[in-house]
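> next come a sequence and a model predicted from it.
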Amino acid sequence: MGDEEVDEGVPALAERRDLEQVYQPAEDSHLLAEAAREAVEPGERALDVGTGSGYVASALAEAGAEVVATDVNPLACEQARESGVPVVQANLADPFRASVFDLVTFNPPYLPTPPEEAMNDWMERALSGGESGRVVIAPFLETAGRVLAPDGRVLLLVSTLTDVEAVEELATAAGFTTREVADESHPFERLVVLELRR
């Protein structure tokens with residue numbers, strides 16, 4: 001939205017919500033980053049989808065991967081670049097050629113959000129997974145499958161709020177095998193990192 005479209009008397013949604021516009025590392029980010037560090041081999045090509053601040057991508061780079069990241073949010077891309085992460089403003093893995101990445105990581109927006117509670121800003125896009133919490137996962141599986149190298153794998157962060165079994169069913173329908181490689185319990189949810197392979 002251009003400055004000319006902003007009503008000067010109404011604070012931006014992010015200001016009303018007291019939220020930043022770029023998702024910052026939290027428990028889910030830490031769990032995925034640790035799983036990614038353990039999974040990646042030095043010299044492998046890795047893609048971090050929806051990179052936010054670039055935290056997981058940075059962990060992959062520190063582990064020796066050749067990493068690139070994507071995010072739809074231009075503010076996230078700017079912050080990730082400031083952290084030294086090569087990033088492309090894009091939806092999921094859309095701009096990349098087929099069969100190029102050894103590892104794809106994704107911490108998707110997974111909070112179930114009823115339509116009447118949706119707020120149309122960048123932080124909402126980083127958090128909300130639609131009513132089911134899985135609205136971004138099916139399109140991600142399609143694009144991730146396309147860009148994976150023949151022996152590549154995906155690390156996907158999911159929550160029990162999103163229904164882990166339902167995510168596994170989506171992955172199976174997309175041609176992947178799944179296994180849990182990390183998890184962490186919190187008061188209202190269990191976070192799980194799924195490894196997906198063709």
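Now that the structure is in, tell me what you want to look at. Numbers count the residues shown, from 1 in each chain.
> which element follows the helix ranked longest in the chain toward the C-terminus?
The longest helix of the chain (DSSP state H) is helix 27-39. Per DSSP states H and E, the first helix or strand lying C-terminal to helix 27-39 is strand 45-49.
> need the contact partners of that following strand.
Residues outside strand 45-49 that contact it (C-beta atoms under 8 Å, 6 or more residues apart in numbering) are 36, 40, 54, 56-57, 60, 65-70, 85, 92-93, 96, 100-106, 140, 144, 147, 149. In short, each C-beta sits where N, CA and C put it, glycine included.
> drop anything exposed from those.
When the contacts of strand 45-49 are checked for burial by 16 or more other C-beta atoms under 10 Å, the buried set is 36, 40, 54, 56-57, 60, 65, 67-70, 85, 92-93, 96, 101-106, 140, 144, 147, 149.
> show me those residues that map onto helices.
Counting by DSSP H, the buried ones among the contacts of strand 45-49 place 36, 56-57, 60, 140, 144, 147 in helices.
> in a markdown table: the residues you listed, plus pLDDT and distance to residue 180.
Converted to a markdown table, these look like this (pLDDT from 0 to 100; distance: C-beta to C-beta, whole Å):
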| residue | pLDDT | distance to residue 180 |
| --- | --- | --- |
| 36 | 98 | 15 |
| 56 | 98 | 18 |
| 57 | 98 | 23 |
| 60 | 98 | 20 |
| 140 | 98 | 18 |
| 144 | 97 | 18 |
| 147 | 98 | 23 |
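> so which of those is the closest to residue 74?
residue 57 (16.4 Å; C-beta to C-beta).
> quick one: the closest one and residue 77, what's the gap?
11 Å (C-beta to C-beta, to the nearest Å).
> what of residue 170?
Counting by C-beta to C-beta, the gap from residue 170 to residue 77 is 27 Å.
> neighbour count winner among those two?
Just comparing residue 170 and residue 77: by other C-beta atoms under 10 Å the higher neighbour count belongs to residue 77, 22 against 17.
> does that one sit in a helix, a strand or a coil?
Look at residue 77: counting by DSSP: H, G, I helix; E, B strand; the rest coil, its state is helix.
> test my guess that it contacts residue 83.
No - counting by C-beta atoms under 8 Å, residue 77 does not reach residue 83; the two are 10.9 Å apart.
> buried ones in stretch 176-183?
In stretch 176-183, counting by 16+ other C-beta under 10 Å, buried: 176, 178, 182.
> closest to residue 122 out of those?
Taking the buried residues of stretch 176-183 together and measuring to residue 122 by C-beta to C-beta, the closest member is residue 182, at 27.4 Å.
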